[in-house]
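Novice: Need the 3D shape of this:
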Amino acid sequence: MYLLIAATILLFPIILYVYWIIKYHESLDVYKYLGKSKETEIKILIIYPHPDDESAFSGGLISQLSKKDNIDVTVASITHGEKGDEFVKIPGYKLALVRKREYLKALNKLGPVESLIWHFKDGEVSDYEEDIKEQLKDYIVTNNFELVVTYEKNGPYPHPDHMSLSRIIHELSNELKSFKPLYSTIPVKIYKLANMPNELHFGDKIISLEKANPANAKYKLSIYKDLVSKYKALSSYKSQNIKRGMPLWFKILLMPYEYYTDEWEKIRQK
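Specialist: Model prediction:
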């Protein structure tokens, strides 16, 4: 009897979490989202500001899409992440080479996808928004991408590079009308439990970050079958503190799913 009571107490938070996931988030189906049949050829661009962003927030999605013969996936990073010297204190030009190798290794763990890294400066994406926008516009039109995936408006924590790229994608989706955007996020309830960074260190420069709620998660993507691939991809980034601020219980709650929204302007929950 006592064992049953103890088991119930231990399992209750998990049961409550699963119920909350099922009730409040619609399962993400890329075909349905795009209004396509499952036999249709689809071209998808998954683009983030730095190497490791793609694995942390869309690793499961990349892994799933790469297994589909009729979906052509391209994964892009705007920068080489040369200022992310959390674990490896080396000059930026050397770190850029390290992170490029890690990026290619990580994508290899996720599946067969096209990959590219542009040469905009880490930490300065907002200074080059117009240039990035023009280059990205040409790239999307030339390659006929129908879906573009990136961070949501707040990044989901307010890293200026994350927010700038999200704004660029949002503006292009309104201008071109040729693709649908999908923004990766974290549910507000989970975000509030996370110890997100409150400052960024770029050498001697420190940028304070204001706390901000992420966009409302609208879709959930079950990635149970892709957890090993995502874990291996994240483990490829030896130079980065991927586990920063995340206690084990938080990672367990977050890992089985990835979260997305198609809403950029909607006011966030408090």
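Novice: residue ranges of the helices in the stretch 51-200 of the chain, please?
Specialist: Applying DSSP state H, counting those that start in this stretch to the stretch 51-200 of the chain gives helices spanning 53-66, 92-110, 129-143, 160-176, 188-193.
Novice: Out of these, which one sits most buried?
Specialist: Ranked by mean neighbour count, these are led by helix 53-66 with a mean of 25 (mean count of other CB atoms under 10 Å). Quick note: C-beta positions are derived from backbone N, CA and C, even for glycine.
Novice: Let me have the helices of the stretch 51-200 of the chain in a markdown table, extended by mean pLDDT and distance to residue 153.
Specialist: As requested, those are exported to a markdown table (pLDDT from 0 to 100; distance: least, CB to CB, whole Å):
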| stretch | mean pLDDT | distance to residue 153 |
| --- | --- | --- |
| helix 53-66 | 96 | 14 |
| helix 92-110 | 94 | 25 |
| helix 129-143 | 98 | 14 |
| helix 160-176 | 96 | 5 |
| helix 188-193 | 74 | 13 |
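Novice: Quick check: which of those helices is nearest to residue 223?
Specialist: helix 53-66 (2.9 Å; CB to CB).
Novice: Relative to residue 30, which of the helices of the stretch 51-200 of the chain is closest?
Specialist: Of all the helices of the stretch 51-200 of the chain, helix 53-66 comes closest under CB to CB, at 7.0 Å.
Novice: Only the C-alpha atoms, please, for that closest one, written as CSV.
Specialist: Below are the C-alpha coordinates for helix 53-66, written out as CSV (Å, rounded to 0.1, in the frame of the first residue of the first chain):
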residue,chain,number,x,y,z
ASP,A,53,21.6,26.3,-32.2
GLU,A,54,20.3,24.0,-34.9
SER,A,55,21.0,20.8,-32.8
ALA,A,56,19.7,22.3,-29.5
PHE,A,57,16.4,23.6,-30.8
SER,A,58,15.7,21.6,-34.0
GLY,A,59,17.9,18.5,-33.8
GLY,A,60,14.9,16.2,-33.6
LEU,A,61,13.1,17.9,-36.5
ILE,A,62,16.3,17.7,-38.7
SER,A,63,16.7,14.1,-37.9
GLN,A,64,13.1,13.3,-38.7
LEU,A,65,13.0,15.2,-42.0
SER,A,66,16.3,13.9,-43.2
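Novice: could I get the helices of the stretch 51-200 of the chain as CSV with distance to residue 233?
Specialist: Listed next are the helices of the stretch 51-200 of the chain as CSV, based on distance: least, CB to CB, whole Å:
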stretch, distance to residue 233
helix 53-66, 4
helix 92-110, 4
helix 129-143, 23
helix 160-176, 19
helix 188-193, 21
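Novice: which one of the ones you listed lies closest to residue 199?
Specialist: Among the helices of the stretch 51-200 of the chain, helix 160-176 sits nearest to residue 199 (CB to CB), with 12.0 Å.
Novice: Lovely, talk soon.
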